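1. I need the structure of the sequence given here:
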Amino acid sequence: MVSQITAKLAVSTLKDAVSDFNFWGESESDSPLAIKRSKTPLDDKKVLSLDAAARKKAVGVEGYKPPERTVRVMGLKETFSPLVQQALTEFQAGATAVIGGAGIETLEVTAESSEYYIQLYSLFKLLDTPRVLYVEDTGTSPDPYTGLFITGLSSDGETIYAQALLTQT
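-> Got it, this is the predicted structure:
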């Protein structure tokens, strides 16, 4: 597929998408996505370097050295489908509660999370070679973090990516 969107438009649209709701459901704590672009490809070496910098910042300890890590590549659909299904299941349960008398505002978070995942999926699908990268510990002394990168190439050849550091214990 040929990308249908420029880097400038992709970054702007993605930043709008994460401006009011920015929480990745696979994390145990707040893990907002940062939307970025790069003129160079996001190969494993660069992904590991970006992940190491994020981990060092999160730990906040001078001299911190990240554990041994590996990059696991997944497709957009296999990553987003379970997240969207879970959000819609929670929305459906909330809708049932509203029918039973609960306040309509109880649907707000599940509606926003559904919209968030669907918008991210749809926007990254417009890019060339969209994929999801998880940076996972492989060594004997893991930390509680997993790096997340959602990537794709714009029509003008730039790499667009969303990055987060997930907390997973």
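2. where in this protein is pLDDT low?
-> Low-confidence segments of the chain, defined by pLDDT under 70: 1-2.
3. if we go to 90?
-> 1-4, 19-32, 59-66, 106, 108-110, 139-144, 168-169 (pLDDT under 90).
4. which stretches in it count as helices?
-> 7-17, 44-59, 76-99, 108-125 (DSSP state H).
5. so for residue 144, which of those sits nearest?
-> Closest to residue 144 of the helices of the chain, according to C-beta to C-beta: helix 44-59, at 9.2 Å. Placement of C-beta: from N, CA and C, glycine included.
6. sorry, back to before: what's the closest of the helices of the chain to residue 167?
-> With C-beta to C-beta, the closest approach to residue 167 among the helices of the chain belongs to helix 44-59: 8.5 Å.
7. tell me which residues touch residue 138, please.
-> Counting by C-beta atoms under 8 Å, 6 or more residues apart in numbering, residue 138 touches 67-70.
8. for it, what are phi and psi?
-> Per-residue torsions, residue 138: phi -120, psi -10 (degrees, to the nearest 10).
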